[in-house]
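Engineer: Quick one, fold the following:
(one chain, ligands or ions: 2)
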Amino acid sequence: MTRKVLVLPGDGIGQEIVAEAVKVLEHLRSRCGLDVAVEHGLIGGAAVDAHGAPLPEETLTRARAADGILLGAVGGPQYDTLDRPLRPERGLLAIRSELELFGNLRPAILYPQLAASSALRPEVVAGLDLMIVRELTGGIYFGEPRGIRTLDNGERQGYNTLVYSESEIERIGRLAFETARKRSGRLCSVDKANVLEVTELWREVMDRLAADYPDVELSHMYVDNAAMQLVRSPKQFDVIVTGNMFGDILSDCAAMLTGSIGMLPSASLDRHGRGMYEPVHGSAPDIAGQDRANPLATILSVAMMLRYSLGEGALADRVERAVGRVLDDGLRTPDIAAEGARTVGTRAMGDAVVQALDD
Ligand code: IPM
Ligand code: MG
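Structural biologist: Ligands and ions are numbered 1, 2, ... in the order given. Predicted structure coming up:
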């Protein structure tokens, strides 16, 4: 049966990087027997410009019908002064929430070819392969009440609410335990249970779940310490599970261990394993339209889509191998290039990956 892939390039470099990932998909379709139909839709600032809303109804309807969604990035300075509900980021948060994509998998893998691009010493990061499982549809990002109010004394006050119900913690916990079980069997749950009641409950639920996964070794860490340990000795971690905001922060931190955030893919899954796939990086308006952006995170997101939503593990391996091969061949976009080294543009990098698929 032909599977539907909905492509949502979004804003900034989103257009360029997604175009390269689509080349990869098209090649797998025309040459490797992948039975997919690729369609395009609007999200973020691009959707605001065309339809006056960051997540048009039409996009949402098509997203619900898709077997996999590939997203570029959203946002740009020209949208920062819009009313909050019209901001591009709201479109991204809304699609995550509407599709109940609560399980965000963010792998941070150091390609040995890029060891020198990491800000950390090679021996600290060599062989790094960790997975952050971030809760994506709850916590302080979505908690009510929220807003900016004026107090009786005339001073304005901003407020947000950090809430997690047991069922929300349990479902992300189970995804994390399952993920750890398929890897080394080590899971570290990150919280701030010394201060926040909500994460005291988080810790309690994780401990309770551990009984169902005797093969997984569960540990707990406070988020401040986790941030420090990630840069001190990141290889102590295998799978990390944490809430929405802590996961947002720690995943950028983990990304940099690998040399460039331009290398990191992600999957956001619902409880049936249907998902949306996107690079961890943003829309990088400063380099948009210059053929400088690294398309590899988006191409690696296609690999995750093949593996998690389309049941095409062998093709996923093939895409990942092709990425490894172009790195072996020394191709580098500016973000992963050593000082003074020759670089290639977004399109040349995409073309090279497509070519490497056949090697
Ligand atoms: C991410 C991004 C988003 C987030 C923004 C763009 C809303 O930083 O996917 O990590 O905070 O989740
Ligand atoms: Mg982020």
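Engineer: What segments of the stretch 1-150 of the chain are strands?
Structural biologist: Along the stretch 1-150 of the chain, the segments classed as strands by DSSP state E, counting those that start in this stretch run 3-10, 36-40, 68-73, 103-109, 129-135, 147-150.
Engineer: Give me the sheet partners of the last one and which way each runs.
Structural biologist: For strand 147-150, the pairing partners within the sheet under DSSP bridges are strand 156-159 (antiparallel).
Engineer: Single out the residue in the stretch 51-200 of the chain that lies closest to ligand 1.
Structural biologist: Of all residues in the stretch 51-200 of the chain, Glu89 sits closest to ligand 1, at 4.1 Å by C-beta to the nearest ligand atom. Glycine gets a C-beta too; all of them are placed from N, C-alpha and C.
Engineer: OK, contacts around that residue?
Structural biologist: Glu89 is in contact with Gly44, Pro54, Val74, Gly75, counting by C-beta atoms under 8 Å, 6 or more residues apart in numbering.
Engineer: just the residues you listed now: which is nearest Gly275?
Structural biologist: Relative to Gly275, the closest of these is Val74; by C-beta to C-beta it sits at 17.3 Å.
Engineer: Just the closest residue of the stretch 151-300 of the chain to ligand 1, please.
Structural biologist: For the stretch 151-300 of the chain, C-beta to the nearest ligand atom, closest residue to ligand 1: Asp248, 4.4 Å.
Engineer: ok so, going back, report the buried members of the contacts of Glu89.
Structural biologist: Gly44, Pro54, Val74, Gly75 (16 or more other C-beta atoms under 10 Å).
Engineer: would you list these in a markdown table and tack on distance to Val280 and pLDDT?
Structural biologist: Listed next are the buried ones among the contacts of Glu89 as a markdown table, based on distance: C-beta to C-beta, whole Å; pLDDT from 0 to 100:
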| residue | distance to Val280 | pLDDT |
| --- | --- | --- |
| Gly44 | 16 | 98 |
| Pro54 | 20 | 98 |
| Val74 | 13 | 98 |
| Gly75 | 14 | 97 |
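Engineer: State the pair within these that is farthest apart.
Structural biologist: Going by C-beta to C-beta, the pair spanning the buried ones among the contacts of Glu89 furthest: Pro54 and Gly75, at 9.6 Å.
Engineer: Which one of the strands of the stretch 1-150 of the chain lies nearest to Ser260?
Structural biologist: strand 103-109 (11.1 Å).
Engineer: What strands line up against the closest one, and which way round?
Structural biologist: By DSSP bridges, strand 103-109 pairs with strand 129-135 (antiparallel), strand 265-269 (antiparallel).
Engineer: Figure out which of those is closest to Val323.
Structural biologist: That would be strand 265-269 among these, by C-beta to C-beta, at 9.9 Å.
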